[in-house]
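Chemist: A structural model of the following input is requested.
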Amino acid sequence: MAIVFVKGLRAFGRHGVTEQERVAGCDLVVDLELLTPDESASTDEIEHTADYGVAARIALEVIEGTSAATVEWLAGEIGRRVLSQMPQVQQATVSVAKPTPPLPYDLDCVGATVRTAR
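Modeler: The predicted structure follows:
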């Protein structure tokens, strides 16, 4: 198996539990790990691996084109769409982080990671 990854994809979306969060919107950071078949590491053919450009586009479509209460749902939806649109991906691990959550704490970010498999 090989893992194709996208790290630190930044996007703006209207997500959050409160209406105020959804109206104001927020920056999110997405990481993806896509598990591909063994042949992706033994051939030099793009059809045997995952196109990280396509995966990034899918993630942006979800972040910028939907509105969700939870980052868990966002991560799961990205994973589901990756699997439905990229047949060579066997498993998608998606992390969505919110660097500036509406919390009164000094922290780097909050987020969730969801693993979706065929």
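Chemist: Beyond the worst-scoring helix or strand of the chain on mean pLDDT, next helix or strand please.
Modeler: Within the chain, no helix or strand scores below helix 39-42, which has a mean of 78 by mean pLDDT, DSSP states H and E. Scanning forward in sequence from helix 39-42 by DSSP states H and E, the next helix or strand is helix 52-65.
Chemist: which helices and strands does whichever helix or strand comes after that next one pack with?
Modeler: The helix or strand immediately downstream of helix 52-65 is helix 71-85, counting by DSSP H and E. Under the contact definition 3 or more C-beta pairs under 8 Å, 6 or more residues apart in numbering; DSSP states H and E, helix 71-85 sits against strand 26-36, helix 52-65, strand 91-98, strand 110-117. All C-beta atoms are positioned from the backbone trio N, CA, C, and that covers glycine.
Chemist: Redo these as JSON lines? Include distance to residue 13, mean pLDDT and mean neighbour count.
Modeler: Below are these laid out as JSON lines (distance: least, C-beta to C-beta, whole Å; pLDDT from 0 to 100; neighbours: other C-beta atoms under 10 Å):
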{"stretch": "strand 26-36", "distance to residue 13": "6", "mean pLDDT": "96", "mean neighbour count": "21"}
{"stretch": "helix 52-65", "distance to residue 13": "4", "mean pLDDT": "97", "mean neighbour count": "18"}
{"stretch": "strand 91-98", "distance to residue 13": "10", "mean pLDDT": "97", "mean neighbour count": "23"}
{"stretch": "strand 110-117", "distance to residue 13": "13", "mean pLDDT": "97", "mean neighbour count": "16"}
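Chemist: and of those, who's closest to residue 11?
Modeler: Closest approach to residue 11 among those is made by helix 52-65 (4.0 Å; C-beta to C-beta).
Chemist: quick one, the closest one and helix 71-85 angle?
Modeler: 140 degrees (axes from the mean of the first three to the mean of the last three C-alpha atoms, to 10 degrees).
Chemist: Now do helix 52-65: distance to the chain's middle.
Modeler: 8 Å (C-alpha atoms, centre = their mean, to the nearest Å).
Chemist: okay if I get the helices and strands packed on helix 71-85 as CSV plus distance to residue 74?
Modeler: Output for the helices and strands packed on helix 71-85, formatted as CSV (distance: least, C-beta to C-beta, whole Å):
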stretch, distance to residue 74
strand 26-36, 7
helix 52-65, 6
strand 91-98, 5
strand 110-117, 8
